[in-house]
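Chemist: Any chance you could fold what I've pasted below:
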Amino acid sequence: MLRENKLRTNFSYNFLYQILAIVLPLVTAPYVSRVLGSNNVGVYSYTQACANYFFLFAMLGVNNYGNRTIAAVRDDKEKLNCTFWEIYSFQFVWGIIINIAYFVYCACIVKEDILIAWLQFFYVSSGWLNINWLMFGLEQFKLTTIRNIIVRLGMAAAVFLFVKNTADLPIYTAIIAGGNFLSALAIWPFVLKHIPFRKLTFPGVVQHIKPNLILFWPVIAVSLYNVMDKLMLGFMSSKEEVGFYTYAENIVQIPNTFILALDNVMLPRMANLYAKNEDRKANKLMDNVMLIAMFSSCAMSFGLMGVGPVFAPWFYGEAFTRCGLFITMLCPVIVFKGWAGALRTQYIIPKKKDNVYLISLTSGAVVNLIINYLLIPRYQGIGAIIGTIAAEFSVAFIQFFMLRREIDLKKYLINGSFFCIIGLIMYGVVHWLADFSSSAVITIAVQIICGAIIYIILSFLYMIATKQIILVNEGLKILKIKYRFK
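Modeler: Here you go, the predicted structure:
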């Protein structure tokens, strides 16, 4: 019971952590889009995408590798201390090298928007300080969340106070990049107090480099269809199209925040269970997480698909009406990413099935690059969206196919299919309600309420009929209804 309560608490904290990372920028987005304009939004998005590649190289695969490794040794205090400093020492040295590389990039290569690129240096620098992987591996989500709330609220307040017109793009960039740097720095007092430094040996440090690098390639592969889209759009299209695509993608990322929060909480727990050879308990947990992932991803994908065309121009302004089309088209990504992400963090990474991870994400990256190259010059942002959808589908399909003999694939496919059918029914109703009122706020509210009622009722009936009642009972508990299905 205590472990179950801790999982719920950790999920709540991590969900809040993930939602703040996405939602607080969205709180400022309507203001920023109107004050800075679509071209400046595109400039920021493009320079941030470039800086993000340096950040990814600074981090390598430490987020997954460090999380998994710390979770496996956290019950041994001495081993935990030694392992952390071994992993971090390499991250520190490598991060400094990447910072020097970014300095050279800005000084010698950047020809446009030079000041904005230099300001992104703060974001790149946060890479050698970022140790969220330690906190997640220890399941210390509370401290990470509180730190994130304080820093990001400060960032949002600063945007409203200091960004006033199109000339303030450097100020906006400094606030966001600097906030990320402070967020990474703020966790170190806890580490220095609770994880005392241990004398390191060269072999001890070196042993972590290879597995770190192995898990780095999937990070790059994912970035090819999460970041490269923006870079290719910037090269082959306009900065405005980059802005439209980025803002649409930001909205579509919000639903995946729920699943990502659950995944981040479960990964260290699953790694710890597999390390103790408690496979039966781990498999039961995975089944429950997959059910939640399929239920929630279909709900949010088809719901957002119906709401998107009304939401985008109301939220961002009429100049961003094209975002409505982009949001609708991007929504299938929520389903594919949600399912693949749940399988990856509940089974592939904890079980060290790194070959499945590598092959699936590499295939997705190749598919994305090919489709982008062929379609972006002709269809611009729509071409990038098609590439992203194809990539995410490829990743999910390959992961499930390669593990078909190790997991209950038939059960997952049946559940996923039924939730998709229910989602389509909900989408039909939500789309039909798009002209409900001349007020966008009223229309969106009616769409969300009606869509949620339809989806929840039909989904609960399906789960009761198939005796998968964990979500049903949780729903009854939230509603303070004492009855429970068995």
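Chemist: all helices of the stretch 101-250 of the chain, in order?
Modeler: 114-119, 121-125, 132-137, 141-162, 169-185, 188-194, 202-206, 209-214, 216-226, 228-236, 239-275 (DSSP state H, counting those that start in this stretch).
Chemist: closest to Gly95 out of the ones you listed?
Modeler: helix 121-125 (8.1 Å; Cβ to Cβ). C-betas here are computed from N, CA, C, even on glycine.
Chemist: coming back round to it: how about the helices of the stretch 101-250 of the chain in TSV, adding mean neighbour count, distance to Ile453 and mean pLDDT?
Modeler: Shown next, in TSV, are the helices of the stretch 101-250 of the chain (neighbours: other Cβ atoms under 10 Å; distance: least, Cβ to Cβ, whole Å; pLDDT from 0 to 100):
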stretch	mean neighbour count	distance to Ile453	mean pLDDT
helix 114-119	19	45	89
helix 121-125	23	42	90
helix 132-137	24	35	77
helix 141-162	17	31	82
helix 169-185	21	38	88
helix 188-194	12	43	80
helix 202-206	12	56	80
helix 209-214	15	46	80
helix 216-226	21	33	70
helix 228-236	21	35	74
helix 239-275	23	18	73
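Chemist: Identify whichever of these lies nearest to Thr328.
Modeler: That would be helix 239-275 among the helices of the stretch 101-250 of the chain, by Cβ to Cβ, at 8.9 Å.
Chemist: quick one: which of the helices of the stretch 101-250 of the chain is nearest Val93?
Modeler: With Cβ to Cβ as the yardstick, what comes closest out of these is helix 202-206 (9.1 Å).
Chemist: Which strands or helices does that closest one pack on?
Modeler: helix 77-108 (3 or more Cβ pairs under 8 Å, 6 or more residues apart in numbering; DSSP states H and E).
Chemist: helices or strands next to the helix it packs on in the packing?
Modeler: helix 2-59, helix 62-73, helix 114-119, helix 121-125, helix 202-206, helix 209-214.
Chemist: 6 Å instead, please
Modeler: helix 2-59, helix 62-73, helix 202-206 (3 or more Cβ pairs under 6 Å, 6 or more residues apart in numbering; DSSP states H and E).
Chemist: from the middle of its chain, how far away would the second one be?
Modeler: Translated: helix 62-73. Computed by Cα atoms, centre = their mean, to the nearest Å, the chain-centroid distance of helix 62-73 equals 18 Å.
Chemist: I'd like the average pLDDT over that helix.
Modeler: For helix 62-73, mean pLDDT is 78.
Chemist: Next: the longest one.
Modeler: Mean pLDDT, computed over helix 2-59, is 73.
Chemist: Check stretch 394-406 too.
Modeler: On average, the pLDDT along stretch 394-406 is 89.
Chemist: From one end of stretch 125-132 to the other, what's the distance?
Modeler: Terminal residues of stretch 125-132 are spaced 15 Å apart (Cα to Cα, to the nearest Å).
Chemist: next one: it to chain centre, how far?
Modeler: Here stretch 125-132 is found 17 Å from its chain centre; the criterion is Cα atoms, centre = their mean.
Chemist: That one: which residues count as buried?
Modeler: 125-132 (16 or more other Cβ atoms under 10 Å).
Chemist: Over to stretch 424-439?
Modeler: So, applying 16+ other Cβ under 10 Å, buried residues of stretch 424-439: 426-427, 430-431, 433.
Chemist: from the middle of its chain, how far away would it be?
Modeler: For stretch 424-439, the distance to the chain centre is 28 Å (Cα atoms, centre = their mean).
Chemist: Ends of it, what's the gap?
Modeler: Per Cα to Cα, the first residue of stretch 424-439 is 25 Å away from its last.
Chemist: Any chance of the helices of the stretch 101-250 of the chain in a markdown table with distance to Ser459 as columns?
Modeler: Putting the helices of the stretch 101-250 of the chain into a markdown table (distance: least, Cβ to Cβ, whole Å) gives the following:
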| stretch | distance to Ser459 |
| --- | --- |
| helix 114-119 | 45 |
| helix 121-125 | 40 |
| helix 132-137 | 30 |
| helix 141-162 | 28 |
| helix 169-185 | 36 |
| helix 188-194 | 40 |
| helix 202-206 | 49 |
| helix 209-214 | 38 |
| helix 216-226 | 29 |
| helix 228-236 | 32 |
| helix 239-275 | 15 |
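Chemist: closest one to Lys467 among those helices?
Modeler: Short answer: helix 239-275, nearest of the helices of the stretch 101-250 of the chain by Cβ to Cβ, at 22.1 Å.
Chemist: returning to that earlier point: can you list which of the buried residues of stretch 424-439 are found in helices?
Modeler: 426-427, 430-431 (DSSP state H).
Chemist: Contacts only, for Val27.
Modeler: Applying Cβ atoms under 6 Å, 6 or more residues apart in numbering to Val27 gives the contacts Ala156.
Chemist: same thing but at 10 Å, please
Modeler: Applying Cβ atoms under 10 Å, 6 or more residues apart in numbering, we find Val27 in contact with 20, 152-153, 156, 159-160.
Chemist: Check Ser89 too.
Modeler: 197, 200, 204-205, 208.
Chemist: And the residues you listed, which is closest to Asp229?
Modeler: His208 (31.6 Å).
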